[in-house]
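Participant: Provided below are the primary sequence and the corresponding predicted coordinates.
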Protein chains: 2
Amino acid sequence: MTEPTNTPDTGDAALNERHRVRMERKKAIIDAQIASANKQIGIIIVNTGNGKGKSSSAFGMVARALGHNMKVGVVQFIKGAMATGEEQFLRRFPDEVSFHTMGEGYTWETQNRERDIEKAKLAWEQAKRFLDDPACGLVVLDELNIALKYRYLDVENVINDLLARPPMQHVVITGRGAPPELIAIADTVTDMTVVKHAFKAGIAAQLGTEW
Amino acid sequence: MTEPTNTPDTGDAALNERHRVRMERKKAIIDAQIASANKQIGIIIVNTGNGKGKSSSAFGMVARALGHNMKVGVVQFIKGAMATGEEQFLRRFPDEVSFHTMGEGYTWETQNRERDIEKAKLAWEQAKRFLDDPACGLVVLDELNIALKYRYLDVENVINDLLARPPMQHVVITGRGAPPELIAIADTVTDMTVVKHAFKAGIAAQLGTEW
């Protein structure tokens, strides 16, 4: 019995070689994309949708920015009443992170529209101070979309202030129901889409993952 | 001329009252949901999809967990070669965050499947050490989905190890293309869906938001 010599190699060696060729091609495409994406400019990121990760992603970007020694400004438009883990964590860095919490819990906790509007306007005044400060490399406007959705703030005014910010400053805006006008002027928009959620299965909001 | 007395009030007062009633109803529903969602248990969160925020959301949950003085274990399965801001930031907390980076950049950077498999297996050994440790409150398995997608790791083995972890431990798994078997056993799954992305508009990956 002799070993067959002409059969196609269908074993690991062939699989590994196909993988190498495919990855080489992928690398060439990605490298070309990176080379052509060369604008250095502050961007507006919007995290919207009903799924998890809108605010936590923004706070992950804060950690990223702090790793690069950038100054960060955070305004929480709605969640204020809840002492979240992020807040406790970020308050450890008073020189690097300016943290302003306005509002008092979700709007259905207050049931007072006039007061909500007043709080939202005060929060926007603070946001404008960050948006006027070129030393502030990243501004997080957490749950701003909710304030826009309920028309506590005028979307045109908000957009004008966003577009007038220093050219290298990044802004991350979170919350369900981002208005189309905001999506239109944003650079990167992600819809956090629910595939499944533990809360629906009767699991309470968990320390460390939800709050 | 006398003031009309019977016309419906369509001004601010009526708007505010309608808002109050609607929010009161919403609060009752949410409060009931929170009361019935009372299971206290460690959950598995999967962040998948092609959009932004999968890893940054996981790192935001790390900040949240650290705010509650939880110990955190992080394994990066793919991105290792890149010195991200998160890594630089989280390495400031060696007592609270154990950080392990395996692999050397995205798979298309290496083009060597056998080496990738070896690296992924080593990374899983480290993940198992975290998954065996009840003192570790949160385990982040960053880009694990990629390792599963390329079959560098066996999904059944991975699931068995995940399900055998301490009952109160949370796990966050990120990366495109989460396999259906993993989605089936996860508690919360979010698909980060691209609405628009700055990179497509020729803007480079920006310090502080992308890396």
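Facilitator: The structure has been received and is ready for your questions.
Participant: And the pLDDT at A:G11?
Facilitator: On the pLDDT scale, A:G11 is placed at 72.
Participant: For the helix or strand hosting A:A120, name the packing helices and strands.
Facilitator: Counting by DSSP states H and E, the element that carries A:A120 is helix A:113-131. On a contact count with 3 or more CB pairs under 8 Å, 6 or more residues apart in numbering or on different chains; DSSP states H and E, helix A:113-131 meets strand A:71-76, strand A:97-101, strand A:136-142, helix A:144-149, helix A:155-163, helix B:12-36. For the C-beta atoms, the positions are set from N, CA and C on the backbone; glycine is no exception.
Participant: ok, 10 Å please
Facilitator: strand A:71-76, strand A:97-101, helix A:107-110, strand A:136-142, helix A:144-149, helix A:155-163, strand A:170-174, helix B:12-36 (3 or more CB pairs under 10 Å, 6 or more residues apart in numbering or on different chains; DSSP states H and E).
Participant: Pull out the buried residues from whatever helix or strand comes next after the longest one.
Facilitator: It refers to helix B:12-36. Next helix or strand after helix B:12-36 toward the C-terminus (DSSP H and E): strand B:44-48. Neighbour counts over strand B:44-48 (16 or more other CB atoms under 10 Å in any protein chain shown) mark B:44-48 as buried.
Participant: Give me the neighbour count for A:T188.
Facilitator: Neighbour count of A:T188, defined by other CB atoms under 10 Å in any protein chain shown: 25.
Participant: that older thread, I'd like the helices and strands packed on helix A:113-131 as CSV, with distance to A:A186 appended.
Facilitator: As requested, the helices and strands packed on helix A:113-131 are arranged in CSV below (distance: least, CB to CB, whole Å):
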stretch, distance to A:A186
strand A:71-76, 17
strand A:97-101, 22
helix A:107-110, 23
strand A:136-142, 12
helix A:144-149, 11
helix A:155-163, 9
strand A:170-174, 8
helix B:12-36, 28
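Participant: Which of those sits closest to B:V97?
Facilitator: Closest to B:V97 of these is strand A:97-101 (CB to CB; 17.7 Å).
Participant: quick one, the closest one and strand A:71-76 angle?
Facilitator: Taking axes from the mean of the first three to the mean of the last three CA atoms, to 10 degrees, strand A:97-101 and strand A:71-76 form an angle of 10 degrees between their directions.
Participant: do strand A:97-101 and chain B meet?
Facilitator: No: Strand A:97-101 does not reach chain B (CB under 10 Å from any CB of the partner chain); its nearest approach is 10.5 Å.
Participant: what mean pLDDT does that strand have?
Facilitator: 85.
Participant: ok, now how distant is A:V72 from chain B?
Facilitator: According to CB to the nearest CB, to the nearest Å, A:V72 stands 9 Å off from chain B.
Participant: partner residues bridging that residue?
Facilitator: Note on A:V72: beta-bridge partners by DSSP bridges are A:V97, A:L138.
Participant: So which residue is smack in the middle of chain A?
Facilitator: A:A58 (3.6 Å; CA atoms, centre = their mean).
Participant: which of the residues in the helix holding A:A120 are buried?
Facilitator: Within helix A:113-131, the residues that count as buried by 16+ other CB under 10 Å are A:113, A:116-117, A:119-120, A:123-124, A:126-128, A:130-131.
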